[in-house]
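Asks: A predicted structure for the sequence below; I have some questions about it.
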Amino acid sequence: MADIEDARVEDAGIDQAVDKLEPARIEAVIRRVLGAGCGARLKVYLQTCVHCGLCADACHTYLSRDRDPDFAPVAKVKETIWEMVKRQGRVSPEFIKKCARIAYTECGACRRCSMYCPFGIDIAYLIMLVRRICALLGVVPVYLQDTVNSHAATSNQMWVQPDDWIDTLIWQEEDAADELEGVRIPLDREGADIMYSVIAPEPKILAQLIANMAVIMKVAGVDWTMPSLDGWDNSNMAMYSGDFEVMGRVERLHWERALQLKVKRVVMGECGHAYRGAVYDGPKWLGWSKPPIPMVHAVEFYYELLREGRIKIARKIKEPVTVQDPCNIVRGRGLHHKLRYIINELCEDFRDVSPRFEHNYCCAAGGGVINCGPPWKLSRLKSNRVKAEQLAATDAHLVVTPCHNCHSGIEDIIGYYGLGMHVTFINELLVKCMDRGDGSGEVER
Amino acid sequence: MSGIDGWNWDAGERRVVELGVLSSFEQVHEFAVSPDGEKLAVPVVEEPGQVRVWQNGELWSEAVERAWSLRFLPDGRLVALVRVDDSWTVAVDGQRWEDEFEFAWNLKFSANGRSLAVQVKRGMKYGLVIDGRDWGAEFISMRDFALSPDGKRAAALVQVEQLAEADIFKFAEGVWSVAVDGQPWERRFINVYSPVFSPDGQHVAAEVRLDMFEYSIAEDGRPWDAVFGTSWAPCYRSNGKGIIAPVRTPEGWALVENGKPVWQGRYSQMWHQRLAPDGQRLAAVVSTAYGRWTVAVDDRPWPRTFSDVVLAPRFSPDGGRVVALARDQGSWLVVVNGQPWPGRFDMAWEPEFSPDGRHLAAKVERDGKFQVVIDGHPLPRSFDMLWSPRFSPQGDKLLVRAVEEGVYKRLVLGLEQLARA
Amino acid sequence: MELLVTVCAWLGLGVLLLGVTGRLLWAWRAARIEGSVLPVMSARYGLRSLVHWLLPLSTRNQRLHPVVTLVSYLFHLCLLLAPLLVAGHVELWRQRWGFGWPTLPDPVIDVMTLVVMVAVLFFLLRRLAAPEVRNVTGWKEYLLLMVVVAPFVTGIIAHLHLLDYRLVMVLHIVSGTLWLVLIPFSWLSHMFWFFFTRSYMGSEFGAVRNARDW
């Protein structure tokens, strides 16, 4: 049974759009999406699925909701795209409303289920097709759509004004320079080795992370820059709403900015979906089989700095620490071993999760789910009891979450299930633990 | 300062300024070099919160709290964005504009360098200032702008109506427009992108988003009849009569002029269309298949494709050749008429044609050192820093601006001499 | 009877062969249109994934479901081998084409047939009992299970001469043909799609995303 509370959630972005839907338009849109360019994979997947239900155990929503069969990945496909195909697009507005709820709020496109399907059917891809259809019909959760609108208008996720961006960097540079002499955030430094890009929540609400990075760059002696103009934000919620035109525009600007600055690679902050958008989905839609220049996730970057001895650790975190493997950099990039290398360098008492690596449970926040906002928060929390149990079993005090969505999602779960833990980015631990070479450093925790 | 004809084109090498003295400053920021190569400037930090611009050993008389975006204009003037007493303004050759702003950023200038514009914020509203003349108009937001070819006019992407938090419905009605000289187009759009002036500066075209999934090109606020899946930046024909843009159609990316196909080919991707000096021929970056990139000239893609990226093509002054930078399998190539120059580089900068179109030179980087490559042949000498080379008006000499062993040097090389060597 | 065998064999094998070829050609064309599918395919990572998913209990999900895994393996093994290695079938082939191949003794085939039947019963019960499976099970699923098991049931009944031999043989031939004919046109096509979907996912995980998919 679908959760009654979830079905009753009011979301203007979905409800008002559904009220205006005409069946003819629904049919036309579905036929267009399913007909064009997605023939091979979609049809083969639909023919291959034997309805065995073995994907069920992959999904955190299914496991968290007492194995409710409606939350199994295959059920989400059955309730949405199977019907669309079977009825050749002749479905009702109410049906589209249900599709939007399932596709946007009950699946984070984390792709764990494609590792559990014996045939490797990419169920998240099928769900993304449903999202595309919903987006074309204008049926998108209001907060998610607002984020997409921000991307479309400002190229960043949180309506950050152009001057606020630059001002924040200057302010963070000044803060960082108070901590360590000579720290800079070089703006538009053409020909630097690295362009550093972040997601908009950093300048908006977590600006300290940028100052931390400036300190890390200084200590490691990196030749880096940040762009002053739009294109600095590497995040992309349009990828998750199904507005691929906006997704492509955002990603193109990000890469054009890097190419203009003549950097050799782009290093990005601790975010998972942004990695996916900038490395896979964005480039793919634009025609690139890989990013035009390499993109290095913060986890890879820190690993490189530690491994090469460009950063040395002066003191370690003593309290017990565990980790959240973000889907987009673990299933999406295989960074789990590097992640653990970093944590073991920084922490004395690391307690791993189980299951882990590619098999780790999703945070239930990624894939645009947390961006669906307050109306869907309770549903999201109910959908991740299994994560709370997994974390609780480690008895750790600190959860390392090298991804913004994971960070916020896990923080919510910790609160809701009363786990008494804290979340942290690696960046925050690194500035505490590293040898700054100036005799300073923080008091041991 | 006189134009390029007035520069010193006497062959030879000159040590312009020693950079060792800069080590006495607490911080030295990004260098800028004048087009004629006579001057090198850089913001230097004397102590926290006290920054001056250093030029050929001289300091600007006034210290500021911050200075960035330092650059020489094509006419040789030196500009920077500076902060004094928490207010921002523009400084030209050390003289600050009288007006001060809460913030000022995104400096742009005309091709001749005589005109200078900057985005500003005042009282939480956004505006634009050209050569010290304030638009007066104030907007809720302004993302970017374009200058007319003569630099006298500007067109900016502006938000003309306030949007409540998460008001997706008003957003869909359209709250964005293009403001030309401070006056927004009457029509509003969901989004507006990439404004561009006609060559005579009388008209403005831009990408417009008419519905959530319908894009078109508008001129002076009037969209084409044709709508597309999406689009990229438009450009004008040199006669100002035609507007050309890549657009996405169900069959692939197409190049259209005033809404009608100008090329028959459909591509996996297309952008950066450029017109030849004759205003007729067209070149654009295209993707011919997933992950394969090249340049198409008049709808004919170069046979050779590249794996990573191809940058905007450029026609030679005589229109006979097209050059583009390409990244392939992790390294950069300079590609002329589809044929890469020998050698792969860690980085390459936009090449420049000699005025007669016979020669082509580019700055490239290999193993952390910089070199000049002329017509495919790298000069033997490599530098610690280098700025893109410039040809003399006759195309017989090359100006090289470089840093070597802690000295900023200005070199004028005779091409015949080089050919013999 | 002989005519029926000939007609059904040609029909069954012919439709199977043409159907599968047609499907593969269509998929090849569609994949080319989709553009991003074929460049991703990697022999190394595709095979890596296939090997892992073909070895019992080498993937986490197989270990989470040991009984289903075991039954599935035995089922598929017997399902594919028994019809190929039963003496009766090979003999028919030899009479028609003049050559054959080694066979398994009848008692072994009987056991294999029994395994298929028990496995189908297991799948049937699983579809009825496990909520996450019942939820996505419709008449098609039950029908296909019946189609799959029918040739085995009729085969063993015929072999043991339990009912009217002639009738049972007709049913055996017809159901076997139906089985073959339905392969390209139902989810029985997972029989050949498996190799493509699995190796695509293996390639995407391995070659593109540097991760494992098992």
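Replies: Sure, I can see it. Please read all numbers here as calculations on a predicted model, not as lab measurements.
Asks: quick one: the residue nearest to residue C:149 when sequence neighbours are not counted and chain B, what's the gap?
Replies: The spatially closest residue to residue C:149, leaving aside those adjacent along the chain, is residue C:120, at 4.2 Å (C-beta to C-beta, 6 or more residues apart in numbering or on different chains). Where C-beta positions appear, they are placed from N, C-alpha and C, glycine not excepted. Going from residue C:120 to chain B by C-beta to the nearest C-beta, to the nearest Å gives 43 Å.
Asks: Torsion angles phi and psi at the closest residue to residue A:429 other than its chain neighbours?
Replies: With sequence-adjacent residues excluded and distances taken as C-beta to C-beta, 6+ apart, residue A:429 is closest to residue A:346, at 4.9 Å. The phi and psi torsions at residue A:346 (degrees, to the nearest 10) take the values phi -90, psi -20.
Asks: Who are the contact partners of residue B:219?
Replies: Applying C-beta atoms under 8 Å, 6 or more residues apart in numbering or on different chains, one finds that residue B:219 lies in contact with B:203-205, B:243.
Asks: Could you save these as JSON lines and add columns showing neighbour count and distance to residue B:397?
Replies: JSON lines is the format used below for the contacts of residue B:219 (neighbours: other C-beta atoms under 10 Å in any protein chain shown; distance: C-beta to C-beta, whole Å):
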{"residue": "B:203", "neighbour count": "17", "distance to residue B:397": "39"}
{"residue": "B:204", "neighbour count": "24", "distance to residue B:397": "39"}
{"residue": "B:205", "neighbour count": "25", "distance to residue B:397": "39"}
{"residue": "B:243", "neighbour count": "22", "distance to residue B:397": "39"}
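Asks: Show me which of these is closest to chain C.
Replies: Each of the contacts of residue B:219 was checked against chain C using C-beta to the nearest C-beta; the closest is residue B:243, at 29.4 Å.
Asks: Contact partners for residue A:408?
Replies: Under the criterion of C-beta under 8 Å, 6+ apart, the contact partners of residue A:408 comprise A:365, A:370.
Asks: Output the host helix or strand of residue A:377 in PDB with nothing but the alpha carbons.
Replies: Mapping residue A:377 onto the secondary structure by DSSP states H and E places it in helix A:377-382. Listed next in PDB are the C-alpha coordinates belonging to helix A:377-382 (Å, rounded to 0.1, in the frame of the first residue of the first chain):
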ATOM      1  CA  LYS A 377      10.200  15.800   4.400                       C
ATOM      2  CA  LEU A 378       8.300  13.400   6.600                       C
ATOM      3  CA  SER A 379       8.000  11.000   3.800                       C
ATOM      4  CA  ARG A 380      11.700  11.200   3.100                       C
ATOM      5  CA  LEU A 381      12.500  10.500   6.800                       C
ATOM      6  CA  LYS A 382      10.200   7.600   7.000                       C
END
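Asks: So which elements touch it?
Replies: Packing partners of helix A:377-382 (3 or more C-beta pairs under 8 Å, 6 or more residues apart in numbering or on different chains; DSSP states H and E): helix A:4-7, helix A:404-416.
Asks: hang on, the earlier thing: the residue nearest to residue A:429 - how many residues pack around it?
Replies: Other residues lying near residue A:346 total 22 when counted by other C-beta atoms under 10 Å in any protein chain shown.
Asks: again with the one 5 residues further on
Replies: By the criterion of other C-beta under 10 Å, residue A:351 has 17 neighbours.
Asks: ok, for it, nearest residue in space, not its chain neighbours?
Replies: Going by C-beta to C-beta, 6+ apart, residue A:351 has residue A:394 as its nearest residue, at 4.3 Å.
Asks: so the one you found sits right up against residue A:320, yeah?
Replies: Yes. With the criterion set as C-beta atoms under 8 Å, residue A:394 and residue A:320 qualify as a contacting pair; they are 7.4 Å apart.
Asks: rewinding a little: for the helix holding residue A:377, which outside residues touch it?
Replies: Contacts of helix A:377-382 (C-beta under 8 Å, 6+ apart): A:3, A:5-6, A:9, A:64-65, A:105-106, A:364-365, A:369-370, A:372, A:409, A:412-413, A:416-417.
Asks: ditto for stretch A:202-213
Replies: Around stretch A:202-213, the neighbours that count as contacts under C-beta under 8 Å, 6+ apart are A:158, A:160, A:164-165, A:168-169, A:171-173, A:175-176, A:179, A:185, A:196, A:198, A:269-270, A:425, A:427-428, A:430-431.
Asks: Nothing else from me, thank you.
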